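> what follows is a predicted structure for the sequence shown.
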Amino acid sequence: MKRNTVNKASDLIMSSPASFVAALFFFVLGLSAGVFTELMMTSAEKEGMISYLDKYFFLSNPKDLAFTDIFMNSAGNNLGLLIIILLSGMAAIGFPIALAALVYKGMALGFSAALLIDSMNFKGVAIVFTSMIPQNLLIIPAMILACVAALNIAFHTISNRKFGIKKSLAESSGSYLFLNLLFAVAILGGCFIESFLSPLLTRLIV
């Protein structure tokens, strides 16, 4: 039974390379849109946003590290996106929402990275590597694979609608939820890195 669940979960990711390409494309689209948005902002707008990032990354007062607050905020935001992606797959026709969630995540990362680099030059590059990249080595793959699973289960449900949508969902729901549980664990691992490791690395720079 457990092996069958694992096999079905694996199939939800591996069954359609096109879904992976689509998920990756929309994430990169979001990244590009975030960078483009930052480039189009005025100097005054950038100053306002960098003051927000200053508080978020503790750039001015790295000693005021609120590890628990960072973890709870990061976990809430990222798990919230994961839940949206999960539900969009189970809603079948709601799968575009999963792609929209990836675009949103990509935009947030692209905008923040571009703003830090544009405002702080080489120091900004270093801060991006210490405060953004470590946790996203876990979070981004989990988000992309969650979107792939959502697309595949949605397309499977739609293609088998003549047998009944409820029946089709029931056959895959166990493995789909199991898969998303693994993604949630990976995301929480990334949130832990973001809240405890990344601030300490950033503190060495600022």
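Thanks, I have the structure now. The model shown is predicted, which means the values in this text are computed figures rather than measured ones.

> list the buried residues in the lengthiest helix in the chain.
Taking DSSP state H as the criterion, the chain has its longest helix at helix 95-131. Buried residues in helix 95-131, counted by 16 or more other C-beta atoms under 10 Å: 95, 97-107, 109-117, 119-120, 124, 126-128, 130-131. Glycine gets a C-beta too; all of them are placed from N, C-alpha and C.

> does residue 81 touch residue 108 like I think?
No: taking contacts as C-beta atoms under 8 Å, residue 81 lies outside contact range of residue 108: 9.8 Å.

> helix or strand with the lowest mean pLDDT in the protein?
Counting by mean pLDDT, DSSP states H and E, the weakest-scoring helix or strand in the chain turns out to be helix 2-14, with a mean of 68.

> which strands and helices sit next to the next helix or strand after it?
Note on helix 2-14: by DSSP states H and E, the next helix or strand toward the C-terminus is helix 17-40. When contacts are defined as 3 or more C-beta pairs under 8 Å, 6 or more residues apart in numbering; DSSP states H and E, helix 17-40 sits against helix 95-131, helix 133-159.

> of those, which is nearest residue 194?
Among these, the nearest to residue 194 by C-beta to C-beta is helix 133-159 (3.8 Å).

> and the angle from that closest one to helix 95-131?
For helix 133-159 against helix 95-131, the angle by axes from the mean of the first three to the mean of the last three C-alpha atoms, to 10 degrees is 170 degrees.

> just the angle between helix 133-159 and helix 17-40, please?
Using the same axes, to 10 degrees: helix 133-159 against helix 17-40 is 130 degrees.
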